[in-house]
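In: how would this look folded up:
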Amino acid sequence: MPEDGPTGKDGGFEYKKGDWRPDWPNLLLPFLAVFMLLYRFAKEHVDWRAAFCVVGLFECVVFPAEIFSVHRGHWVYNEARIWGPRVFGVPIEEPLLYYLFCPLIIITVMQAIRLALVKWEEKGR
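Out: Take a look at the predicted model:
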């Protein structure tokens, strides 16, 4: 039976293309820039305790799903583009970058929009 793709040393799917160059710092910069811009406007209006509870909940729901997807082969990472360390098969930058900044950016965007709408409403009166 022919293989669908290259196999790794443990018999699972291994995807490695190109020279080793982790892209997580390049992915982090736009997230960080947007977050810092929005943080200036919304920092006093965000309940940071609640925000980090959302991050924790997001981690608790999404991380097991990603572990399952990686172990089943539904989700693969280019070995040449990840940092290297893994947690239960998931590259460490995934919970550090995606699971942390995405919810925080969404929360700060919502607060910034809410503040802009309040100011707009006040100008209209």
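In: so where do the strands sit in the chain?
Out: According to DSSP state E, the chain carries its strands in the segments 86-87, 90-91.
In: Same list (these) but as JSON lines, adding mean neighbour count, distance to residue 61 and mean pLDDT.
Out: From N, CA and C alone the C-beta is placed, and that goes for glycine too. Formatted as JSON lines, the strands of the chain follow (neighbours: other Cβ atoms under 10 Å; distance: least, Cβ to Cβ, whole Å; pLDDT from 0 to 100):
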{"stretch": "strand 86-87", "mean neighbour count": "14", "distance to residue 61": "16", "mean pLDDT": "90"}
{"stretch": "strand 90-91", "mean neighbour count": "22", "distance to residue 61": "14", "mean pLDDT": "92"}
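In: quick one: which of the ones you listed is nearest residue 29?
Out: strand 90-91 (17.8 Å; Cβ to Cβ).
In: Give the pairing partners of the closest one; include direction for each.
Out: strand 86-87 (antiparallel) (DSSP bridges).
In: how far away is residue 122 from residue 86?
Out: 50 Å (Cβ to Cβ, to the nearest Å).
In: One more: residue 110?
Out: Residue 110 is 32 Å from residue 86, by Cβ to Cβ.
In: just residue 56 next, same as before
Out: From residue 56 to residue 86 the distance is 21 Å (Cβ to Cβ).
In: cool, and residue 76?
Out: Distance of residue 76 to residue 86, computed by Cβ to Cβ: 13 Å.
In: Could you pull out the helices in the protein for me?
Out: Using DSSP state H, the helices found in the chain span residues 24-42, 48-72, 93, 99-124.
In: Now do the helix or strand bottoming out on mean pLDDT in the chain: everything it contacts.
Out: Taking mean pLDDT, DSSP states H and E as the measure, the chain has helix 24-42 as its least confident helix or strand, at a mean of 82. The contact list for helix 24-42, computed with Cβ atoms under 8 Å, 6 or more residues apart in numbering, reads 82-83, 93, 97, 101-102, 104-105, 108-109, 111-112, 115.
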